[in-house]
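**Student:** quick one, fold the following:
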Amino acid sequence: MESISVFDMLSIGVGPSSSHTLGPWRAALRWIDELKEAHKFHLIKSLKVDLYGSLSLTGKGHATDIAVMLGLCGFDPETFPIDDIQKEVDAINANYLLILNSELPVPFNPKEQIIFNRNFLDFHPNGITFTASFHDGSSTSDSFYSIGGGFVVKEERKNEKIKMEAFSHFPYPIEKGTELSAYCRAQQKTISEIVLENERSLRTDEEIDEGLRAIWEVMLDSMYVGCHTEGILPGGLNVTRRAFNMNKNLIGDKQYSNAEEWITAIRNTKVYFRQILKWVSCFALAVNEVNASLGRVVTAPTNGSAGVIPAVLMYYLVIENHKAGFEHIKKFLLTASEIGSIFKKGATISAAMGGCQAEIGVSSSMAAGALCELMGGTPDQCLMASEIAMEHHLGLTCDPIAGLVQIPCIERNAMGAIKAINACEIALHSDPAKAKVPLDAVVATMWETAKDMTSKYKETSEGGLAVQVNISDC
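**Tutor:** Numbering: from 1, shown residues only. Predicted structure coming up:
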């Protein structure tokens, strides 16, 4: 049974896409590590990168080529300064030279050595192959697959086998919602408490808290930056940032100088139904405007859906419970991660495999269940909230215009957040024992829907809005 940590489901990275940006970036880093382990790194004379399937079809819009170059340079997506991205890319393009892992100069012309192949590899729609040529005339090639959420595997999945063995000592191994429910009932624990016990088999309490604080800080920063940055998003669609004006209109003349003071100012703002809808939408839009501009966000469970969980958690902090603190944030993130892992194990979190139901649908489901726990719901009500949220995202396609994570992706985060809150409220006023559709059934249905969905609706920009809308009109 595969065991997934909260820090796998919620990871800090760079936008705009977990599968098309963060995944290829990590694949490049992993390839370098493998070359070093084989003592072949310093023998490299030249290299090339082949992108396949969805990575090729929407790679330009998702900045896949940029991510590959940054990964080959050895930069860490979690810590590399966002403001330095364009400078590094410009230097490579100007000099036709890449400093592999920041230590080995290699001739590199991105236009010739990053190849966009329209065909698909058999194992997964998001395929990437790295080829290195050595000074002795020999060469080597390795293929990786970006399977969603920043996760990267090779076809033989050796690393995953090692990881599964390492995590096999989880006290509460979970693959299905029924198993999670049974553990909660038997141990008289909440979902977050069960997940915390699993995490404690990997890390100390201090390490867990430090990691979760870092995740929340990035989430909060992405909301704050998005709400205080105006202008046009990059990529050519000329999409106007909206969170800036929404925040300005909502908060009025209240003064603040940082994110914490901003939260206080929002709490002191009079809210009613329409204001709540606007604030939640504003939070979600802000995160994904940052994501669309190659900003730093938390993959939750993907970059394309990065705004849902922060928006719903922020809703709880500024609307539902003004006294909430880190312990509430911690419970929310732990619960959300476990629900996301159930979808990853039973279906997919990759839009290239399952359409946008695998991204916005899963993130909405994660947020609904996590909010339900904070609102006093039982574990079974939390699972019911997750099921309701996904039930109303089934069949959602991934059809980004121009391959950019902007239209309709940014707005979908706002919709996913609102649905999560709604699902939570319905579950809180329901009896899970009378539920007709359990969470595991909706997970299975989502996977069947994903398999039946035609490939043109799976992050290829070959169907739906991507072909119906004239780009020049945007």
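
**Student:** least trustworthy helix or strand in the protein by mean pLDDT?
**Tutor:** helix 158-166 (a mean of 47; mean pLDDT, DSSP states H and E).

**Student:** and for the helix or strand following that one, what are the contacting residues?
**Tutor:** Following helix 158-166 in sequence order, the next helix or strand is helix 177-187 (DSSP states H and E). Contact partners of helix 177-187, identified using CB atoms under 8 Å, 6 or more residues apart in numbering, comprise 172-174, 189-191, 193-194, 338, 342, 379-380, 383, 386-387, 438-440, 443. The way it works is simple: take the backbone N, C-alpha and C, and place the C-beta from them, glycine included.

**Student:** buried residues in helix 177-187?
**Tutor:** Residues of helix 177-187 classed as buried: Gly177, Glu179, Leu180, Ser181, Tyr183, Cys184 (neighbour count, 16 or more other CB atoms under 10 Å).

**Student:** roughly how far apart are Phe170 and Leu35?
**Tutor:** Separation of Phe170 from Leu35 (CB to CB, to the nearest Å): 32 Å.

**Student:** which of these two has more neighbours?
**Tutor:** Using other CB atoms under 10 Å, the more surrounded residue of Phe170 and Leu35 is Leu35, with 21 against 18.

**Student:** and that one, how far from Pro110?
**Tutor:** Taken as CB to CB, the span from Leu35 to Pro110 is 20 Å.

**Student:** what strand or helix carries the nearest residue to Ser139 once chain neighbours are set aside?
**Tutor:** Sequence neighbours aside, Ser133 is the residue nearest to Ser139 in space, at 4.5 Å (criterion: CB to CB, 6 or more residues apart in numbering). If you go by DSSP H and E, Ser133 is part of strand 126-134.

**Student:** tell me what that strand is packed against?
**Tutor:** Applying 3 or more CB pairs under 8 Å, 6 or more residues apart in numbering; DSSP states H and E, we find strand 126-134 packed against helix 23-37, strand 44-53, helix 54-57, strand 139-148.

**Student:** most packed of the ones you listed?
**Tutor:** helix 54-57 (a mean of 29; mean count of other CB atoms under 10 Å).

**Student:** other residues contacting it?
**Tutor:** 19-20, 24, 64, 116-118, 120, 125-128, 146, 352, 403, 458-462.

**Student:** could you turn the buried ones of those into a ChimeraX selection?
**Tutor:** This is the ChimeraX syntax for the buried subset of the contacts of helix 54-57, where burial follows 16+ other CB under 10 Å:
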select :19,20,24,64,117,120,125,126,127,128,146,352,403,458,459,460,461,462
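
**Student:** the contacts of helix 54-57 in helices, which ones?
**Tutor:** In this view, these that belong to helices under DSSP state H are Pro24, Thr64, Ala352.

**Student:** domain assignment for this structure?
**Tutor:** 15-156, 168-473 (automatic domain parsing).

**Student:** pull the distance from the last one to the chain's centre.
**Tutor:** The gap between the average C-alpha position of domain 168-473 and the chain average comes to 9 Å, counting by CA atoms, centre = their mean, to the nearest Å.

**Student:** need the outlier residue of this structure, farthest from its centre.
**Tutor:** The C-alpha centroid of the chain is most remote from Asp136, which lies 41.3 Å away (CA atoms, centre = their mean).

**Student:** what distance do you get for it to Glu34?
**Tutor:** Going from Asp136 to Glu34 by CB to CB gives 19 Å.

**Student:** repeat for Asn245
**Tutor:** 48 Å.

**Student:** again with Asp8
**Tutor:** Asp8 is 20 Å from Glu34, where distance means CB to CB.

**Student:** picking that back up, what's the burial count for the residue nearest to Ser139?
**Tutor:** 17.

**Student:** beta partners for it?
**Tutor:** On the basis of DSSP bridges, Ser133 is bridged to Ser46, Ser139.

**Student:** check contacts around it.
**Tutor:** Ser133 sits next to Ile44, Lys45, Ser46, Leu47, Ser139 when contact means CB under 8 Å, 6+ apart.

**Student:** returning to what we had before: tabulate the helices and strands packed on strand 126-134 (TSV), appending distance to Val312 and mean pLDDT.
**Tutor:** Shown next, in TSV, are the helices and strands packed on strand 126-134 (distance: least, CB to CB, whole Å; pLDDT from 0 to 100):
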stretch	distance to Val312	mean pLDDT
helix 23-37	25	96
strand 44-53	32	96
helix 54-57	28	90
strand 139-148	21	94
